[in-house]
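K.L.:
here are the coordinates; sequence isn't available:
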């Protein structure tokens with residue numbers, strides 16, 4: 001199945017560094033956050049999950065947490081192929097000066113992410129080998145530059161193996177997706193963490209079941 005993510009987050013300041021291991025969600029504020037995103041659809045409170053397990057919940061589930069200075073929501077229903085299409089949703093549900101989205105499906109090599117500042121879309125990228133560049137809004141962020149510059153090329157099993165149809169992008173989108181998780185959110189799933197990364201297994205989100 002590969003790695004999949006459907007994450008929307010809001011922060012008063014930069015999100016990276018705002019998440020800390022052992023943080024406790026504010027129950028009332030978390031429920032208010034979910035209600036803003038999914039009005040009148042919460043059926044029941046369910047067991048919590050850590051962030052690493054919650055990034056791609058079942059279709060009728062949402063995992064969320066309102067922490068001091070940061071809100072985070074994981075749901076399949078916040079996934080947009082064009083992240084710019086969710087700007088109205090971000091404006092309705094958001095709190096804090098910055099909003100972030102991250103979507104990834106490594107089985108099809110697709111990734112997308114976006115950043116809003118004070119409600120304005122600053123950066124949105126959606127890219128995959130089958131779809132090509134679906135959306136490319138705003139200036140590339142610093143961590144993207146090596147990928148677009150060919151410094152992370154697609155590697156083939158053998159040096160002398162060249163497919164009939166070369167990979168249509170200069171990088172594998174999920175590799176850029178992991179870089180986006182690390183640089184924007186401050187954690188990784190399959191990428192290489194650095195000293196500033198939080199362990200997503202040590203961050204707990206509250207679970208809710210949604211009415212279809």
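P.N.:
Now that the structure is in, tell me what you want to look at. For clarity, every value in this text was computed on a predicted model and none was experimentally measured.

K.L.:
among the helices and strands of this structure, which has the poorest mean pLDDT?
P.N.:
helix 87-93 (a mean of 87; mean pLDDT, DSSP states H and E).

K.L.:
mind showing which ranges of the protein have poor pLDDT?
P.N.:
1, 156-165 (pLDDT under 70).

K.L.:
Can you list the residue ranges for helices in it?
P.N.:
27-37, 51-54, 87-93, 145-148, 173-180 (DSSP state H).

K.L.:
so how far is the longest one from its chain's centroid?
P.N.:
For helix 27-37, the distance from its own C-alpha centre to the chain's C-alpha centre is 19 Å (Cα atoms, centre = their mean, to the nearest Å).

K.L.:
Could you do stretch 168-185 as well?
P.N.:
In terms of Cα atoms, centre = their mean, the centre of stretch 168-185 is set 11 Å apart from its chain centre.

K.L.:
now do stretch 116-134
P.N.:
12 Å.

K.L.:
tell me the centre residue of the chain?
P.N.:
Closest to where the C-alpha atoms of the chain average out (Cα atoms, centre = their mean) is residue 102, at 2.1 Å.

K.L.:
Contacts only, for it.
P.N.:
By Cβ atoms under 8 Å, 6 or more residues apart in numbering, the residues touching residue 102 are 5, 7, 112, 113, 177, 180, 181, 184, 185. Yep, even glycine has a C-beta here, placed from its N, CA and C like the rest.

K.L.:
Give me the PyMOL select line for those residues, limited to the buried ones.
P.N.:
Provided next is the PyMOL selection string for whichever of the contacts of residue 102 are buried by 16 or more other Cβ atoms under 10 Å:
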select buried, resi 5+7+112+113+177+180+181+184+185
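
K.L.:
hey, where'd the strands end up in this structure?
P.N.:
4-11, 42-50, 61-67, 70-74, 98-105, 110-117, 120-128, 132-137, 204-210 (DSSP state E).

K.L.:
For the fourth one, which strands pair with it and how are they oriented?
P.N.:
When sheet partners are counted by DSSP bridges, strand 70-74 sits next to strand 4-11 (antiparallel), strand 61-67 (antiparallel).

K.L.:
Pull the distance from it to the chain's centre.
P.N.:
So, by Cα atoms, centre = their mean, the centroid of strand 70-74 is 10 Å from its chain's centroid.

K.L.:
Taking their axis directions, it and strand 98-105 sit at what angle?
P.N.:
20 degrees (axes from the mean of the first three to the mean of the last three Cα atoms, to 10 degrees).

K.L.:
And the first one, by the same measure?
P.N.:
The directions of strand 4-11 and strand 98-105 differ by 180 degrees, with the same axes, to 10 degrees as the criterion.

K.L.:
ok, and what's touching strand 4-11?
P.N.:
Contacts of strand 4-11 (Cβ under 8 Å, 6+ apart): 15, 18, 37, 55-57, 69-79, 86, 90, 93-107, 177, 181, 185, 189.
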